[in-house]
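[1] Here's a sequence, model it:
(chains A and B)
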Protein chains: 2
Amino acid sequence: MMFNTALYTDLYQLAMGQAYFLKGKHRTEASFDYFYRKIPFGGGYVLFCGLEDALAWLEEVSFSDDDLEYLKGQGFDARFLEYLKEFRFTGTVRSIPEGELIFPFAPVLSVTGPVVECQIVETFLLNTLNFQSLIATKASRIRYISGEESTLSEFGLRRAQGYAGLQASRAAFAGGFDSTSNVLAGKTYGIPVSGTMAHAYIQSYDDELEAFRDFAETRPENCVLLVDTYNTLESGVPNAITVAREMEASGRKLMGIRLDSGDLAYLSKAARDMLDNAGLYDVKIAASNQLDEHVIRSLREQRAAIDIYGVGTNLVVGHENGALDGVYKLCSFGGHPRIKISENLKKMNFPGKKQVYRYYDRNGQYMADAITGAGALPPHRMAHPFEPGKSMRLDPATARPLLEEVMKNGKRIAGVREVRDIAASGRENLRKLPEEHKRFDFPHVYKVGLGPEMETLRNALKERKLNGDPE
Amino acid sequence: MMFNTALYTDLYQLAMGQAYFLKGKHRTEASFDYFYRKIPFGGGYVLFCGLEDALAWLEEVSFSDDDLEYLKGQGFDARFLEYLKEFRFTGTVRSIPEGELIFPFAPVLSVTGPVVECQIVETFLLNTLNFQSLIATKASRIRYISGEESTLSEFGLRRAQGYAGLQASRAAFAGGFDSTSNVLAGKTYGIPVSGTMAHAYIQSYDDELEAFRDFAETRPENCVLLVDTYNTLESGVPNAITVAREMEASGRKLMGIRLDSGDLAYLSKAARDMLDNAGLYDVKIAASNQLDEHVIRSLREQRAAIDIYGVGTNLVVGHENGALDGVYKLCSFGGHPRIKISENLKKMNFPGKKQVYRYYDRNGQYMADAITGAGALPPHRMAHPFEPGKSMRLDPATARPLLEEVMKNGKRIAGVREVRDIAASGRENLRKLPEEHKRFDFPHVYKVGLGPEMETLRNALKERKLNGDPE
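    Sure thing, here's the model as predicted:
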């Protein structure tokens, strides 16, 4: 595949890599944390997605001869290029599982290895994890408001951002959708594919009824007829009813009809009545046209008779936030914890290799996350990360570590996880998140804090840096 | 490459293809128009981008044995799969040149060929043209406000939507950027690559000055030092000045410094003063951090001393519109013009194969576009497409046809165009668009209309459809 080259990175990673190499520091062990700062869509959580793709890439990534020729032309040093010829990712990755809920500032994934490798893979990791987590989160919001009983089909490929369409379909499924229209995603990731028909097919006939008949004949399973080409209630639905009855006469069933324009609440109820009056209780109603969680919420408030929601553009581009702001920050170099100083406390990162403990309430619901050093036990209290003096008590007996080793020496530890397993655990995890963090309007902020030792270390390093002392 | 499979499409294209095939209609000649309805970013134009990638895909696209095996598992008919084994795109494509300005409702690209081929390729064409046109348009807005004298570097890969990062870098360059950080895009499309350094590199040292020295030593050309890791004006800039002088002493030159946080207007002016006072007039100042056309406009109003703008997220995801709403509509089938009826006149398409004439004013500036039938001469007047009775006079002597044949029988007619040529013609074309269409606030609407015969045909077909007559 075209993207398994280490060239899918920023030039400065290679420039820094060369600097480390020529100074003999490229094998120095470094650790970087991936985390994000701001929840998109005005929501209360992010659903972590993209890890499997990231690990697959880390296992495969290298520079081809072509790539090295290109870099030579860009003025890179011959000794460094010789090194890149054998380049492989040989590091260790610890991560929160894909499909888990993640919250601002807590490390989600941590990479440890020779610094040059950690830098070169940064861009791809950010690119993949930021985007897939964004879309999975959007999908989970749409699932939340649609209820478990609705069928959700993603068909955004035509408006997806170019090649991102492949990953968008994966993430939408991981986030709770039932199927995609994207055939390549279906094949690549084993996601169920679904589809109906377009206006063009009906327009290619002089007669809507004839078009419906031919389509139903050649697609006896899963046949969904698009009923809004001419007039939904006067032509489309009556013709669909005719075909549904003809299908029943030959022992087949029409799966559904699709509304793609007009007032979906009104039309769906009118169409439901017409179908029911014809005894076609099992024929489903699908709706599409600029849907997202807000439109679906309104449709459900109006008790629209919609069984299947087809969601495209707004899902696959993550409208109204096109990116998750995930970053990848150095936290340890040569065995020493590192931080970046900033006048803005929120722009500082936390030093050293870490663990994140999630605490549960008595009902098994998520309560809070505490960030500690990698080897630490779950703490009894945690400090607010940015407001000195604020802290809360915790019960360590309810804590579970979130970061686990998923790759060692460049090889995956566990087997490949199927997207459907990730989707199932996403669903499970969302059930453990209290409703007040899932609501759309001003969701309650989930608490993330620092264990006492982490807070002390962060403050000490900050003081030292501000005093100009070497670390 | 992984995306040159015809599976990168919506399932319904294949379902419709099978219906056409089993009914013996798959070779019927059809024409589809690609056009869009709404200009993104509140702007006055779209810069057309993505055509070369689309044509390259059309020349390559096929189904692999694997793909067909997958489709068999999805229940497709064996005879149809046999047909797909030999599937190639054999149609004709007429298009407006890449890098040209396009306006709502006028056809941008037209595909003519066996209906099954036209349908299967629809999704990829929309996916590629919608996205690249969106990003090229955004890039051109940033160029417009930055002036020709600024250097614009795109470095959005880490926040780009997954694999779309490759196409985003291409489109940003086509839209007026000077370089990208994306090394794969540099290699794939021959775009200049650029990059500076990250905070992590500096943090890996105990001392900022030592980090600067090592970096400058190993990257003597194009060295740009990031000066905000500790304190921009008290540490970063003074250390950069020290290194710049050391470089000069050995006959080298520091290319620039980069500001990545804080008040960019204030810091850039202060840094410029410090550099100038040190006699380092040639050292450039680069700035980054959530830039877009609006932030750059403000920085320029404040006379910030910034030579190089590094733009990431907001450019590559097309913030605040994640998608161009381009559609692909059947306009002719079996030699007969077709339209889709809608209660909303704007949702109807125009019938038959077409030409678009662009009219120029006496200064060679773009004035209006008229949509006509494919063989028609430029008309003397055009009608408003949606407001009956409204029309304007035109001077046919100033008209030039925009749609030209770019692919015949599935083969490109002209050679491959380099992205730098497309970028150059985009720049040229933007100069021909009057300022009032380029301004950010309430730009003047560029006029697109229908030639008299096209208006008559559209109205006649609409009447016939509404009366239920066959076309």
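
[2] do the helix or strand hosting residue A:202 and chain B meet?
    Following DSSP states H and E, one finds residue A:202 within helix A:199-203. Yes - using CB under 8 Å from any CB of the partner chain, we find that helix A:199-203 touches chain B at A:199, A:200, A:201, A:203. The C-beta positions use only the backbone N, C-alpha and C, and glycine is treated the same way.

[3] which helices and strands does that helix pack with?
    In terms of contacts (3 or more CB pairs under 8 Å, 6 or more residues apart in numbering or on different chains; DSSP states H and E), helix A:199-203 is packed against helix A:208-218, strand A:224-226, helix B:11-22, strand B:327-333.

[4] Outside of that helix itself, list whatever touches it.
    A:208, A:211-212, A:215, A:226, A:229, A:260, B:16, B:19-20, B:30, B:32, B:119, B:329-330, B:333, B:338-340 (CB atoms under 8 Å, 6 or more residues apart in numbering or on different chains).

[5] can you tell me the average pLDDT over it?
    Regarding helix A:199-203, the rounded mean pLDDT is 95.

[6] roughly how far is it from the heart of the chain?
    Shown here is helix A:199-203, whose average C-alpha point lies 34 Å from the average C-alpha point of the whole chain (CA atoms, centre = their mean, to the nearest Å).

[7] Name the helix or strand of chain A that has the lowest mean pLDDT.
    Taking mean pLDDT, DSSP states H and E as the measure, the helix or strand of chain A with the lowest value is helix A:452-466, at a mean of 89.

[8] Which elements pack onto that one?
    Judged by 3+ CB pairs under 8 Å, 6+ apart, the packing partners of helix A:452-466 are strand A:366-373, strand A:381-383.

[9] and the ones you listed as CSV, adding mean neighbour count?
    Listed next are the helices and strands packed on helix A:452-466 as CSV, based on neighbours: other CB atoms under 10 Å in any protein chain shown:
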stretch, mean neighbour count
strand A:366-373, 22
strand A:381-383, 21
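
[10] So which of those strands is nearest residue A:400?
    strand A:366-373 (10.2 Å; CB to CB).

[11] tell me what that closest one is packed against?
    Judged by 3+ CB pairs under 8 Å, 6+ apart, the packing partners of strand A:366-373 are strand A:354-360, strand A:381-383, strand A:447-450, helix A:452-466.

[12] now those as a markdown table including distance to residue B:285?
    A markdown table is the format used below for these (distance: least, CB to CB, whole Å):
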| stretch | distance to residue B:285 |
| --- | --- |
| strand A:354-360 | 36 |
| strand A:381-383 | 39 |
| strand A:447-450 | 36 |
| helix A:452-466 | 25 |
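
[13] ok so, going back, what would the helices and strands packed on helix A:452-466 look like in a markdown table with mean pLDDT?
    Shown next, in a markdown table, are the helices and strands packed on helix A:452-466 (pLDDT from 0 to 100):
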| stretch | mean pLDDT |
| --- | --- |
| strand A:366-373 | 98 |
| strand A:381-383 | 97 |
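
[14] Make TSV out of these and add distance to residue B:124.
    Listed next are those as TSV, based on distance: least, CB to CB, whole Å:
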stretch	distance to residue B:124
strand A:366-373	41
strand A:381-383	50
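
[15] wait, which of these is closest to residue B:178?
    With CB to CB, the closest approach to residue B:178 among the helices and strands packed on helix A:452-466 belongs to strand A:366-373: 40.8 Å.

[16] what angle do the closest one and strand A:354-360 make?
    Here strand A:366-373 runs at 160 degrees with respect to strand A:354-360, directions being taken by axes from the mean of the first three to the mean of the last three CA atoms, to 10 degrees.

[17] Taking helix A:452-466 as reference, get the angle to strand A:366-373.
    50 degrees.

[18] Which residue, other than its chain neighbours, is closest to residue A:170?
    Of all residues beyond its chain neighbours, the one nearest residue A:170 is residue A:189 (5.0 Å), with distances taken as CB to CB, 6 or more residues apart in numbering or on different chains.

[19] count of neighbours near the one you found?
    Neighbourhood size, residue A:189 [other CB atoms under 10 Å in any protein chain shown]: 20.

[20] Apart from its chain neighbours, what residue comes closest to residue A:349?
    residue A:329 (4.2 Å).

[21] Next one, pLDDT for the most centrally placed residue in chain A please.
    Centroid-nearest residue in chain A, with CA atoms, centre = their mean: residue A:133, separated by 2.5 Å. Predicted confidence (pLDDT) for residue A:133: 98.

[22] I'd guess it is in a helix, am I close?
    Yes - counting by DSSP: H, G, I helix; E, B strand; the rest coil, residue A:133 is part of a helix.

[23] Leaving out sequence neighbours, find the closest residue to it.
    Among residues not flanking residue A:133 along the chain, residue A:49 sits closest, at 4.9 Å (CB to CB, 6+ apart).

[24] gap between that neighbour and residue A:406?
    Residue A:49 sits 14 Å away from residue A:406, taking CB to CB, to the nearest Å as the criterion.

[25] What residues does the residue of chain A positioned farthest from its centre make contact with?
    In chain A, counting by CA atoms, centre = their mean, residue A:249 sits farthest out from the average C-alpha position, at 44.9 Å. Neighbour list for residue A:249: empty [criterion: CB under 8 Å, 6+ apart].

[26] State the distance from it to residue A:243.
    11 Å.

[27] Also residue A:109?
    Using CB to CB, residue A:109 is found at 51 Å from residue A:243.

[28] Just give the number of residues close to residue A:323.
    By other CB under 10 Å, the residues close to residue A:323 number 23.

[29] typo on my end, it should be residue A:164
    Counted with other CB under 10 Å, residues neighbouring residue A:164 total 31.

[30] quick one: stretch A:284-299 near chain B?
    No - Stretch A:284-299 does not reach chain B (CB under 8 Å from any CB); its nearest approach is 9.5 Å.

[31] Could you list the buried residues of that stretch?
    Neighbour counts over stretch A:284-299 (16 or more other CB atoms under 10 Å in any protein chain shown) mark A:284, A:285, A:286, A:287, A:288, A:291, A:292, A:293, A:295, A:296, A:297, A:299 as buried.

[32] quick check, nearest of those to residue B:267?
    Closest approach to residue B:267 among those (CB to CB): residue A:292, at 39.3 Å.

[33] Need the three-state assignment for the nearest residue to the closest one once chain neighbours are set aside.
    Among residues not flanking residue A:292 along the chain, residue A:314 sits closest, at 3.8 Å (CB to CB, 6+ apart). Classification of residue A:314 using three-state DSSP returns helix.

[34] Surely residue A:314 touches residue A:289?
    No - with contacts counted by CB atoms under 8 Å, residue A:314 stays clear of residue A:289, the gap being 10.8 Å.

[35] ok, back up a step: could you report the neighbour count for the residue nearest to residue A:349?
    Applying other CB under 10 Å, I find that residue A:329 has 23 neighbouring residues.

[36] who's in contact with it?
    A:32, A:33, A:35, A:340, A:349, B:199, B:200.

[37] Can you add distance to residue B:429 and give those residues back as TSV?
    Shown next, in TSV, are these (distance: CB to CB, whole Å):
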residue	distance to residue B:429
A:32	44
A:33	46
A:35	43
A:340	44
A:349	45
B:199	40
B:200	41
